[in-house]
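Q: Just the structure for this:
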Amino acid sequence: MQLNQRCAWTGSDPLYVAYHDEEWGVPVHDDQRLFEMLVLEGAQAGLSWLTILRKREGYRRAFHGFDIEQVAAYSRADMERLLTDHGIVRNRLKIEAAVRNARGVLAIREEFGSLDSFLWDYVDHRPRQNAWKSLVEIPARTELSDRMSKDLQKRGFNFAGSTICYAFMQAVGLVNDHTVDCFRYAPVAHLARR
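A: Presented below is the predicted three-dimensional model:
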């Protein structure tokens, strides 16, 4: 294995490389950060992840740092304001979904105590460790992401299809999908054993 060999999808853009090396696959247990990643994964639908990474600071500013209560309280006027914000993807359905999903997170918190508890229950509160040898082996969705998607959609979430849910699971460390030749595979797997 080459020193610092990365997953094949990473490319050479410094923002993408930093995201891969520092964030992707690291277990997240903070509700606000989990909500941020749900919104961003939904915003990515039909676009490249690099586009979303480049707009992430714009999203953080526009959505009050992904404060769940604040986003859940957004009015129609707030959503119209967001449609004029060049720092985010200006798609009415995606903006409305972010607000609707914030309200769904509040309902999940009421029922399960936290978004963290609800989401991590899908993997029995322990990240799934995969052992993919190449990018072509990694699925776009799984039975687990199908179940998460169905449960979220039942709770009124939008832009939460199975493919989006699986990308979210990879991003927040519910699954370790670094390929085994990636220098991040073992460190991320080690985090699961803590």
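
Q: Helices of the chain, start to end?
A: Chain-ordered helices for the chain, with DSSP state H as the definition, fall at 14-22, 31-44, 49-62, 68-72, 76-82, 92-112, 115-120, 143-154, 162-171, 185-192.

Q: Worst mean pLDDT among those?
A: Taking each of those in turn, the lowest mean pLDDT turns up on helix 185-192, with a mean of 91.

Q: Leu93 contacts Asn101, doesn't it?
A: No: with contacts defined as CB atoms under 8 Å, Leu93 does not count as touching Asn101, sitting 11.9 Å away. In short, each C-beta sits where N, CA and C put it, glycine included.

Q: list residues touching both of the two?
A: Taking CB atoms under 8 Å, 6 or more residues apart in numbering as the contact criterion, the common neighbours of Leu93 and Asn101 are 158-159.

Q: The two: which is more packed in?
A: More neighbours sit around Asn101 than around the other of Leu93 and Asn101, counting by other CB atoms under 10 Å; the figures are 25 against 11.

Q: how much space between that one and Leu34?
A: In this structure, Asn101 lies at 11 Å from Leu34, with CB to CB, to the nearest Å as the measure.

Q: ok, now Gly161?
A: With distances defined as CB to CB, the gap from Gly161 to Leu34 amounts to 18 Å.

Q: Comparing these two, which shows the higher neighbour count?
A: In this comparison of Gly161 against Leu34, neighbours counted by other CB under 10 Å, the higher total goes to Leu34 at 24 against 19.

Q: if you skip the residues just before and after it, what's nearest to that one?
A: Distances taken as CB to CB, 6 or more residues apart in numbering put Leu115 closest to Leu34, at 5.1 Å, once the chain neighbours are dropped.

Q: what does Lys55 give?
A: Sequence neighbours aside, Ile88 is the residue nearest to Lys55 in space, at 5.7 Å (criterion: CB to CB, 6+ apart).

Q: you'd agree that neighbour is up against Arg60?
A: No: shown here, Ile88 and Arg60 do not form a contact pair, counting by CB under 8 Å, at 9.8 Å.

Q: the more surrounded of these two?
A: When Ile88 and Arg60 are compared on other CB under 10 Å, the one with more neighbours turns out to be Ile88, at 23 against 15.

Q: circling back to that earlier point, out of the helices of the chain, nearest to Pro127?
A: Comparing those against Pro127 with CB to CB, the closest turns out to be helix 185-192 (4.1 Å).
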